[in-house]
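[1] Let's see this in three dimensions:
(2 chains)
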Amino acid sequence: MSRWLPISILALIVAALVWRLANPQDTTVRSRLAGKPVPQFVLPPAIPGKPGLTSADLAQGQPRLLNVFASWCVPCVAEAPVLADLARRGVAIDAIAIRDRPEDVTAFLASHGDPFTRIGSDDNSRVQLALGSSGVPESFVIDGRGIIRYQHIGPIEPREVPLILAELEKAR
Amino acid sequence: MKLLLLLLTLLIAQPASADSSLPAAQWADRQLPDPRQEARARALMDELRCLVCQGQSIADSDAEIAGDMRHLVRTRIAAGENPRQIRAWLVERYGDWISYRPPAAPIGWPLWGAPLLLLLGGGLLVRKRIKLRRA
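    Below is the predicted model of the structure:
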């Protein structure tokens, strides 16, 4: 009996390792603010000619999509046409540009389209951290009372458009 | 000659970077003028996890977001906030995960209890051995 103890402990350890290899840990960092109000913030305009963004803008009675992006972010380029599609379907989208310069944002919007109503400039990721966001791009569905209802991590893929529309509908 | 040209092209290759072109935030890599405040900020930064390089503390990490988190910690310490408040603010957003100091919540009890259990088990083993030898 006791002769089998070490070997069974070893087998258990190997089984645990194999299980973890087969089911890698999920390393995405979710915001804990889902279901809570957007933190208070005021961000200056990211580009001339388009208003900046405040938390009050996100509580106007209708659900809105808040996109956290940057001109230097490669997946954001892939996401741009999907956001344009959402805007065409009547979704109100505001944005926060992370660590960006006005000329870079202007160039980015000129070549990839501009679906945004307002763009706030977050130079040192202050508001990004306040939102519990950990990278670009990320999108938040925010209801008419300014409550965060859904967080989407990474670019919105074309096949995820119905999901986003459903989350916006739920937030109505 | 061709090989040389080929090697030269390596020199003009630019790494694809996912970093912004803005310089690091003001307090990302600069110490606070008050050494006591800096020491407090430092201790906290050592215990906060970097969001994108998950095995490192924000004090160790070169990631831009870690720099911005150091900036956040230092500005808040300089504004008179205490480290516990800042940690709580981050935990509220990212969960206990963000802090390297495990909370004394029920889920962590086995972790705290494990050394005691192991010590007890070891003690029992030793006692058994000693008894065997006496017999």
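
[2] ok, the residue nearest the centre of chain B - contacts?
    Closest to where the C-alpha atoms of chain B average out (CA atoms, centre = their mean) is B:Ser57, at 2.0 Å. B:Ser57 makes contact with B:Met45, B:Asp46, B:Glu47, B:Leu48, B:Arg49, B:Cys50, B:Tyr100 under the criterion CB atoms under 8 Å, 6 or more residues apart in numbering or on different chains. Bear in mind the C-beta positions are built from the backbone N, C-alpha and C, glycine included.

[3] repeat that with 10 Å
    Contact partners of B:Ser57, counting by CB atoms under 10 Å, 6 or more residues apart in numbering or on different chains, are B:Leu44, B:Met45, B:Asp46, B:Glu47, B:Leu48, B:Arg49, B:Cys50, B:Ala66, B:Met69, B:Tyr100.

[4] Setting the sequence-adjacent residues aside, check what's closest to B:Met45.
    B:Ala59 (4.0 Å; CB to CB, 6 or more residues apart in numbering or on different chains).

[5] re the thing from before, got TSV for the contacts of B:Ser57, with pLDDT, neighbour count and secondary structure too?
    Listed next are these as TSV, based on pLDDT from 0 to 100; neighbours: other CB atoms under 10 Å in any protein chain shown; DSSP: H, G, I helix; E, B strand; the rest coil:
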residue	pLDDT	neighbour count	secondary structure
B:Leu44	97	25	helix
B:Met45	96	22	helix
B:Asp46	96	12	coil
B:Glu47	95	15	coil
B:Leu48	96	26	strand
B:Arg49	94	20	strand
B:Cys50	93	22	coil
B:Ala66	95	24	helix
B:Met69	96	27	helix
B:Tyr100	90	11	coil
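
[6] returning to what we had before: and the residue nearest to the centre of chain B, how far from chain A?
    Distance of B:Ser57 to chain A, given as CB to the nearest CB, to the nearest Å: 15 Å.

[7] same thing with B:Trp97?
    For B:Trp97, the distance to chain A - CB to the nearest CB - is 7 Å.

[8] Was I right to think that residue contacts A:Gly132?
    No - assessed by CB atoms under 10 Å, B:Trp97 is found out of contact with A:Gly132, at 11.2 Å.

[9] Spit out the residues that contact the two alike.
    What both B:Trp97 and A:Gly132 touch, as defined by CB under 10 Å, 6+ apart, is the set A:Val29, A:Arg30, A:Arg32, B:Leu51, B:Leu90.

[10] Most neighbours of all those residues, which one?
    Among the shared contacts of B:Trp97 and A:Gly132, the one with the most neighbours (other CB atoms under 10 Å in any protein chain shown) is B:Leu51, at 25 neighbours.

[11] For that residue, which non-adjacent residue is closest in space?
    With CB to CB, 6+ apart as the criterion, B:Leu51 has its nearest non-adjacent residue at 4.0 Å, and that residue is A:Ser134.

[12] give the contact list for the residue most central in space within chain A.
    Central residue of chain A (CA atoms, centre = their mean): A:Glu138, 1.6 Å from the mean position. Applying CB under 10 Å, 6+ apart, we find A:Glu138 in contact with A:31, A:66-69, A:96, A:98, A:128, A:131-132, A:151-156.

[13] So what's the residue count around the closest residue to A:Pro48 other than its chain neighbours?
    Spatial nearest neighbour of A:Pro48, excluding adjacent residues (CB to CB, 6+ apart): A:Pro102 at 6.5 Å. Residues near A:Pro102, counting by other CB under 10 Å, number 15.

[14] so A:Pro102 makes contact with A:Gly52?
    No - judged on CB under 10 Å, A:Pro102 makes no contact with A:Gly52 at a distance of 11.5 Å.

[15] Find residues that contact each of these two.
    A:Pro45, A:Ala46, A:Ile119, A:Ser121.

[16] Of those residues, which is the most crowded?
    Ranking the shared contacts of A:Pro102 and A:Gly52 using other CB under 10 Å puts A:Ala46 first, with 29 neighbours.

[17] Next up, the contacts around that residue.
    A:52-53, A:69, A:71, A:95-98, A:100-102, A:104-106, A:109, A:116, A:118-123 are the contacts of A:Ala46 under CB under 10 Å, 6+ apart.

[18] Would you tell me what the next helix or strand after the helix ranked longest in chain A is?
    Longest helix in chain A, counting residues (DSSP state H): helix A:4-22. Next in sequence after helix A:4-22, counting helices and strands by DSSP states H and E, comes strand A:42-43.

[19] what's the spacing between that following strand and its chain's center?
    Remark: strand A:42-43 is offset 18 Å from the chain centroid, using CA atoms, centre = their mean, to the nearest Å.
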